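Student: sequence? don't have it. structure:
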């Protein structure tokens, strides 16, 4: 068990490999954003810890005997005040599942100190966003989504996404630097990102309001202009889009 040194996150680290758990706990205790670290060798012990103490963040291995990390995360999601979850694993094939569960980050072993520090910051932002009522003018904590870059899984910040295009059960995220095909349906992104200023304009398109340069009526209906490209707006989404644009404009005037 770690010692509380200063205000910060109360962390539970869970891994069935003792050496890897010790290394993770050591790195966490060295982070200025962490106040306390407790450890558990399996999910049963983790649930016992969570019953006996308040925890802000759980750093969780995925592949463990018995109840695995994904199953434990689903249990935590049913808590009245669930802790933030960061997955720590040697396998990169569960990143999309982690996103579906709302994980704050997804770390690959061996964990680097700088990458862990980034995960702690993301977890702190996610915890702050769920700690209590948030003034309407305060920005929503940034979300992340796993993408594949040169054979490596990276967590792409939602704030870098400008618009999203549906590809069946997949979605293509368009950023200023390129695009990424991810195994996440557009409908899930539309639901999760609605409060962050993303609006559905068509069954195949989701757009960040902040990047819409123009809404105009063309020969085939309304279109929005994003980064010089025209995207169609379906009739069923036109009114909502206009309302969202007007509200955004009024908020900017105040």
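Tutor: Yep, that arrived. Worth saying up front: this structure is predicted, and the values here are computed from it rather than measured.
Student: quick one: buried residues of stretch 76-90?
Tutor: 76, 82-89 (16 or more other CB atoms under 10 Å). (Glycine included, C-beta is placed from N, CA and C.)
Student: Quick check: the farthest pair among those residues?
Tutor: Considering CB to CB, no two members of those lie farther apart than 82 and 89, which are separated by 19.7 Å.
Student: between the buried residues of stretch 76-90, which is closest to residue 144?
Tutor: Nearest member of these to residue 144, counting by CB to CB, is residue 86, at 10.7 Å.
Student: May I ask which helix or strand encompasses that closest one?
Tutor: strand 84-89 (DSSP states H and E).
Student: And residue 39, by the same measure?
Tutor: Secondary structure from DSSP H and E places residue 39 in strand 34-40.
Student: Strand partners (parallel or antiparallel) of that strand?
Tutor: The strands that strand 34-40 pairs with in its sheet are strand 9-14 (parallel) (by DSSP bridges).
Student: and the next element down the chain from the strand it pairs with?
Tutor: Later in the chain than strand 9-14, the nearest helix or strand by DSSP H and E is helix 18-29.
Student: Show the average pLDDT along that next one.
Tutor: Confidence over helix 18-29, taken as the mean pLDDT, stands at 96.
Student: again, but for stretch 81-95
Tutor: Mean pLDDT, computed over stretch 81-95, is 87.
Student: How is this structure partitioned into domains?
Tutor: Residue ranges for the structural domains of the chain, counted by automatic domain parsing, are given in the record as 9-130, 158-253.
Student: Quick check: which of these is nearest to residue 143?
Tutor: Nearest to residue 143 among the domains of the chain is domain 158-253 (4.1 Å), distances taken as CB to CB.
Student: Kindly state the pLDDT recorded for the residue sitting furthest away from the middle of the chain?
Tutor: Seen from the C-alpha centroid of the chain, the residue lying at the greatest distance (CA atoms, centre = their mean) is residue 219, 38.6 Å away. In the predicted model, residue 219 carries a pLDDT score of 81.
Student: Mind jotting down where the strands sit in the stretch 51-200 of the chain?
Tutor: Defined through DSSP state E, counting those that start in this stretch, the strands belonging to the stretch 51-200 of the chain, from first to last, are 57-60, 84-89, 105-108, 144-149, 152-157, 161-167, 170-175, 178-182, 198-202.
Student: about what we covered before: need the residues that contact the strand holding residue 86.
Tutor: Identification of contacts with strand 84-89 by CB atoms under 8 Å, 6 or more residues apart in numbering yields 13, 15, 24, 56-63, 69, 73, 76, 94, 98, 101-109, 111, 119, 122-123, 126-127, 130.
Student: Residue 248 - how many residues pack around it?
Tutor: Using other CB atoms under 10 Å, residue 248 has 14 other residues around it.
Student: contacting residues for it?
Tutor: Shown in contact with residue 248 (CB under 8 Å, 6+ apart): 197, 209-210.
Student: Now intersect those residues with the helices, please.
Tutor: Per DSSP state H, helices hold no members of the contacts of residue 248.
Student: want to try TSV for those residues, with neighbour count, distance to residue 40 and pLDDT as columns?
Tutor: Putting those into TSV (neighbours: other CB atoms under 10 Å; distance: CB to CB, whole Å; pLDDT from 0 to 100) gives the following:
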residue	neighbour count	distance to residue 40	pLDDT
197	17	38	88
209	17	42	91
210	12	42	90
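Student: any idea how far residue 61 is from residue 113?
Tutor: According to CB to CB, to the nearest Å, residue 113 stands 18 Å off from residue 61.
Student: Alright, calling it a day.
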